[in-house]
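> quick one: sequence and predicted model below, then my questions.
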Amino acid sequence: MLRFFLTRVGLLIPTFIGVSIVAFAFIRLLPGDPIMLLAGERGVDPARYAELQASLGFDKPLPIQYINYLKDILTGDFGTSIVTKRPVLDEFMTLFPATIELALCAIILATLVGIPAGVLAAVKRGTWLDQSVMGTALVGYSMPIFWWGLLLIILFSGILQWTPVSGRISLIYFFPPVTGFMLIDSLLSGQSGAFRSALSHLILPTIVLATIPLAVIARQTRSAMLEVLGEDYVRTARAKGLPPRRVIGLHALRNALIPVITTIGLQVGVLLAGAILTETIFSWPGIGKWMVDSVFKRDYSVVQGGLLLIAGVIMIVNLVVDLLYGLINPRIRH
Amino acid sequence: MTDTTTTPQAHTPLRRGRFAEFWYYFSQNRGAVIGLVVFSSIVFIAVFAPLIAPHSPSVQNRDAFLVPPFWQEGGSTTYLLGTDAVGRDMLSRLMYGSQFSLFIGLFVVVLSVSSGVLIGLLAGYFRGWVDTVIMRIMDVILAFPSLLLALVLVAILGPGLLNAMIAIALILQPHFVRLTRASVLTERDREYVIASRVAGARPVRLMFLTILPNCLAPLIVQATLSFSTAILDAAALGFLGMGAQPPTPEWGSMLAEAREFILRAWWVVTLPGLAILITVLAINLMGDGLRDALDPKLKKS
């Protein structure tokens, strides 16, 4: 197991170096002078320019610049925002819990609805139930989620007035962040109605973000179930006279879930890509909206740092999924 | 009669047989046939948009701002699906928009398939360090959330439809590289490849004429799925303001323009998104049918 762990970690190193080269190159590939972009100043005289060049390390040859960049990253220095002048890592850490909260709720919703829907479709294969579940899943899979979010806003915030349009909590509530998760913080604050407000802000973004993973999980569960239901051990279990619910729930589902768990793990990248759109539509203060805003504000040091941090998070999550997969399925280890 | 005229005749029954078999399995899937019909209609609309669109997509009618569709109160049959905030006919803009979406899908798929297949063939055929370097680069591209990478690439290249399409082609290309490489790895040591190598075929001939035709089925399915992903991603970039720029009647940027009227005029928001959904859904339905028809494993069951 340790060897399996070490090889998987070792495989990540070249990818991480590649990702850091992309982030390093990004600022140098942008149209315009990277020094002026990073300084955020205009009309500088040559003396000031030389000073900026030296302070940013741009006067050294490219390989040295890259080594210095790697050193900075490994010591936790991801640069400073041009707009807010705060360290990029600090901003990331303040905003990341909002994205995790949204992504976690979305993946929980997608799993809780997607797996039973897939199982149901597989068990009732070929019936109208199967067809309607799979039809709905295909619509969800084909959904432009930015439009889906707008539709839900029109219906639930506009016509029915059940949910708020944007943000994480109503402005009348204020309490210092403890965990960064609004649902937990609002409970801890003890203010009446705060939790309800946080929850009502979370519902629509969660549904929107969960849509595509839900469809993928339902489709994957169905095909994994269909494969397992044809296996000999399932027939044996049936022949022994076990009740169908036990055969499906215990014998079939447990084995069908192995590929499904991998699928769920691989949805993390999809979730973060979806978070860019979902957070933009609902003005959700997470890292997706932060990246989009930074691109528009030309805060390129934030884009550079954020690119690396987000890719790093995805790589770590994929590694964890890989290791977990190795744990449940020993065949993979060899 | 020369040989050149008889050769195609000899091939025709075989070709027709394969197509008939393909069509048999494809038409078994009702969804796929519906998808094909819908997609063909969208292609028809796109091709004949200048002839069938009732109005120009860019003319602003100053006496008709935000007119609702004809079945709603205040709507008129002049503008069947209503008008947008500057009085442009929605139906005509949607019709012209289909040209953009189909072009985006086609451009992105052609670019990512051709480059992806070429790189995948090289990696799978030559193995060794070529393979390692190529696959590590693909891992790097796949390490980023696709839309984020596209957004950043467009920031480098500059906003616009062409740059958005190039960025999307780049983020979709690793899938074709991996798929081609995997098929090549299984095919390259088969007897028929070894036989033609022994017969003196050169690497280029082996790669493109001997191996590639036998790896096509998964590539066709992936290309279909990428076609719909490309349309979705381009619309998302347009929505974020980094893709097609107004006044282009591209569906994503139409949505972006309509966002501020979301609670006042449902049709300017609902219709472009519905157009995207229908197009993408039709393509995905066809993709499922293609997979069923081309995958030998599924045929047996």
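Received it, and whenever you're ready, just let me know what you need.

> can you give me the pLDDT of the closest residue to chain B within the stretch 1-150 of chain A?
When scored by Cβ to the nearest Cβ, the stretch 1-150 of chain A has residue A:147 as its residue closest to chain B, at 3.0 Å. (C-beta placed from N, C-alpha, C; glycine too.) Per-residue confidence at residue A:147 stands at 93 (pLDDT).

> ok so it is a helix residue?
Yes - using DSSP: H, G, I helix; E, B strand; the rest coil, the assignment for residue A:147 is a helix.

> need the contact list for it.
Residue A:147 makes contacts with B:255, B:269, B:272, B:273, B:276, B:277, as judged by Cβ atoms under 8 Å, 6 or more residues apart in numbering or on different chains.

> in helices only, show me those residues.
Under the assignment DSSP state H, these contribute B:255, B:269, B:272, B:273, B:276, B:277 to helices.

> which residues are in contact with the residue of the stretch 201-334 of chain A found nearest chain B?
Closest residue of the stretch 201-334 of chain A to chain B, Cβ to the nearest Cβ: residue A:273 (3.7 Å). Residues in contact with residue A:273 (Cβ under 8 Å, 6+ apart) are B:145, B:146, B:147, B:148.

> near chain A too, which of those?
Restricting the contacts of residue A:273 to those adjacent to chain A (criterion: Cβ under 8 Å from any Cβ of the partner chain) gives B:145, B:146, B:147, B:148.

> now for those, which pair is the farthest apart?
For the ones next to chain A among the contacts of residue A:273, the maximum inter-member distance is 7.3 Å, found between B:146 and B:148 (Cβ to Cβ).

> contact partners for the nearest residue to residue A:168 once chain neighbours are set aside?
In space, and not counting its chain neighbours, residue A:168 is closest to residue A:182: 4.9 Å by Cβ to Cβ, 6 or more residues apart in numbering or on different chains. Residues near residue A:182 by Cβ under 8 Å, 6+ apart: A:98, A:101, A:168, A:169, A:198, A:201, A:202.

> can you pull the contacts of the residue nearest to residue B:215 when sequence neighbours are not counted?
Of all residues not flanking residue B:215 in the chain, residue B:183 sits nearest, at 3.4 Å (Cβ to Cβ, 6+ apart). Residues in contact with residue B:183 (Cβ under 8 Å, 6+ apart) are B:124, B:214, B:215, B:218, B:219.

> all the helices of the chain, residue numbers only.
You didn't say which chain, so I picked chain A. Along chain A, the stretches classed as helices by DSSP H are A:2-29, A:34-39, A:46-56, A:62-74, A:88-123, A:128-141, A:145-152, A:182-189, A:194-229, A:232-239, A:244-246, A:253-281, A:287-296, A:300-328.

> you looked at the wrong chain, it should be chain B
B:3-28, B:30-47, B:49-52, B:90-126, B:128-143, B:146-157, B:161-187, B:191-198, B:203-205, B:216-239, B:251-258, B:266-294, B:296-300.

> want to throw these into CSV with distance to residue A:152 and mean pLDDT?
Below are the helices of chain B laid out as CSV (distance: least, Cβ to Cβ, whole Å; pLDDT from 0 to 100):
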stretch, distance to residue A:152, mean pLDDT
helix B:3-28, 35, 63
helix B:30-47, 25, 93
helix B:49-52, 31, 88
helix B:90-126, 22, 92
helix B:128-143, 30, 91
helix B:146-157, 20, 90
helix B:161-187, 26, 92
helix B:191-198, 53, 88
helix B:203-205, 53, 84
helix B:216-239, 15, 91
helix B:251-258, 14, 89
helix B:266-294, 12, 90
helix B:296-300, 36, 52
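
> out of the ones you listed, the one nearest residue A:238 is which?
Closest among the helices of chain B, using Cβ to Cβ: helix B:296-300, at 23.0 Å.

> burial of residue A:246, as a residue count?
Per other Cβ atoms under 10 Å in any protein chain shown, the neighbour tally for residue A:246 reads 13.

> wait, I meant residue A:159
11.

> deepest of the helices of chain B, which one?
helix B:251-258 (a mean of 26; mean count of other Cβ atoms under 10 Å in any protein chain shown).

> is that one in proximity to chain A?
Yes - counting by Cβ under 8 Å from any Cβ, chain A has neighbours in helix B:251-258: B:252, B:255.

> got the contact list for residue 65?
The chain I'm using is chain A. Contacts for residue A:65 were tallied using Cβ under 8 Å, 6+ apart; they are A:24, A:57, A:58.

> should've been chain B
With Cβ under 8 Å, 6+ apart, residue B:65 has these contacts: B:83, B:85, B:86, B:87.

> filter these down to the ones near chain A?
Okay, of the contacts of residue B:65, nothing touches chain A (Cβ under 8 Å from any Cβ).

> and the residues you listed as a markdown table, adding distance to residue A:53 and pLDDT?
Formatted as a markdown table, the contacts of residue B:65 follow (distance: Cβ to Cβ, whole Å; pLDDT from 0 to 100):
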| residue | distance to residue A:53 | pLDDT |
| --- | --- | --- |
| B:83 | 54 | 82 |
| B:85 | 47 | 79 |
| B:86 | 47 | 81 |
| B:87 | 52 | 80 |
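
> now list the buried members of those.
Buried subset of these (neighbour count, 16 or more other Cβ atoms under 10 Å in any protein chain shown): B:83, B:86, B:87.

> can you tell me how far the last one sits from chain A?
Here the distance between residue B:87 and chain A works out to 22 Å (Cβ to the nearest Cβ, to the nearest Å).

> okay but that residue is in contact with residue B:56, surely?
No - taking Cβ atoms under 8 Å as the definition, residue B:87 is not a contact partner of residue B:56, at 11.5 Å.

> alpha carbons only: can I get stretch B:154-167 in CSV?
Extracted in CSV, the C-alpha atoms of stretch B:154-167 (Å, rounded to 0.1, in the frame of the first residue of the first chain):
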residue,chain,number,x,y,z
VAL,B,154,-9.0,33.9,-23.9
ALA,B,155,-7.5,36.5,-21.5
ILE,B,156,-4.1,35.9,-23.1
LEU,B,157,-5.4,35.8,-26.7
GLY,B,158,-8.0,38.5,-26.3
PRO,B,159,-11.8,38.2,-26.1
GLY,B,160,-13.6,37.1,-29.3
LEU,B,161,-15.2,34.2,-31.0
LEU,B,162,-12.2,32.9,-32.9
ASN,B,163,-10.0,33.0,-29.8
ALA,B,164,-12.7,31.3,-27.7
MET,B,165,-12.9,28.5,-30.3
ILE,B,166,-9.1,28.0,-30.3
ALA,B,167,-9.1,27.9,-26.5
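
> do that stretch and chain A meet?
Yes - Stretch B:154-167 comes into contact with chain A (Cβ under 8 Å from any Cβ), by way of B:155, B:156, B:158.

> need the contact list for the last one.
To tie it back to what came earlier, the one meant is residue B:158. By Cβ under 8 Å, 6+ apart, the residues touching residue B:158 are residue A:31.

> OK, contacts around residue 101?
I went with chain A, as the question did not name one. The neighbours of residue A:101, taking Cβ under 8 Å, 6+ apart as the test, are A:180, A:181, A:182, A:183, A:202.

> hmm, I had chain B in mind actually
In this structure, residue B:101 makes contact with B:46, B:231, B:234, B:235, B:250, B:251, B:275, B:276, B:279, judged by Cβ under 8 Å, 6+ apart.

> now do the last one against residue A:76, distance only.
Remark: distance between residue B:279 and residue A:76 (Cβ to Cβ, to the nearest Å) = 46 Å.

> and for the first one?
In this view, residue B:46 and residue A:76 are 52 Å apart by Cβ to Cβ.

> now do the fifth one
Relative to residue A:76, residue B:250 is positioned 42 Å away (Cβ to Cβ).

> quick one: which of those two has more around it?
Neighbour count, other Cβ under 10 Å: between residue B:250 and residue A:76, residue B:250 has more, with 29 against 8.

> and the closest residue in space to residue B:121 that isn't next to it in sequence, how many neighbours does it have?
Using Cβ to Cβ, 6+ apart and skipping residues adjacent in sequence, the residue nearest residue B:121 is residue B:207, 4.8 Å away. Residues near residue B:207, counting by other Cβ under 10 Å, number 22.
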